[in-house]
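S.K.: kindly return the folded structure for what I paste below:
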Amino acid sequence: MSGTLIGGIAGVVLAIVALVFGFWGFLLVLVLAALGAVIGAVVSGRLDVRAVVEAARGRRSA
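M.R.: Numbering: from 1, shown residues only. Okay, the predicted model is just below:
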């Protein structure tokens, strides 16, 4: 699946959620989806939490 198709499907799903559950339901789904994406990236090894924390603190990592 291409990124365009996945983005389109995600947009349709979020639009339906916004219509059914209103703004706060939409916001909750958006936050939980982002949290799930971050957790998935950490588990798969694509995101190094230590590097993110050090970057947030202003430290450089090599």
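S.K.: sec struct for the most centrally placed residue in the chain, please.
M.R.: Closest to where the C-alpha atoms of the chain average out (Cα atoms, centre = their mean) is A34, at 2.4 Å. Following DSSP: H, G, I helix; E, B strand; the rest coil, the label given to A34 is helix.
S.K.: show me the contacts for it.
M.R.: Remark: with contacts taken as Cβ atoms under 8 Å, 6 or more residues apart in numbering, A34 is in contact with nothing. No exception for glycine: its C-beta is placed from N, CA and C like everyone else's.
S.K.: nearest residue to V42 other than its sequence neighbours?
M.R.: V49 (5.9 Å; Cβ to Cβ, 6 or more residues apart in numbering).
S.K.: so how far is V29 from the one you found?
M.R.: Distance from V49 to V29, counting by Cβ to Cβ, to the nearest Å: 24 Å.
S.K.: of these two, which one has the most company?
M.R.: Taking other Cβ atoms under 10 Å, V49 and V29 do not tie; V29 has more neighbours (16 against 10).
S.K.: wait, isn't the more buried one in contact with L14?
M.R.: Yes - assessed by Cβ atoms under 8 Å, V29 is found in contact with L14 at 6.9 Å.
S.K.: residues shared between the contacts of the two?
M.R.: Joint contacts of V29 and L14 (Cβ under 8 Å, 6+ apart) do not exist.
S.K.: before we move on, the earlier item: give me the distance between the residue nearest to V42 and G11.
M.R.: For V49, the distance to G11 equals 29 Å [Cβ to Cβ].
S.K.: how about L27?
M.R.: In terms of Cβ to Cβ, L27 sits 16 Å off from G11.
S.K.: these two: who's more crowded?
M.R.: The residue with more neighbours, out of L27 and G11, is L27; 13 against 10, by other Cβ under 10 Å.
S.K.: noted, bye for now.
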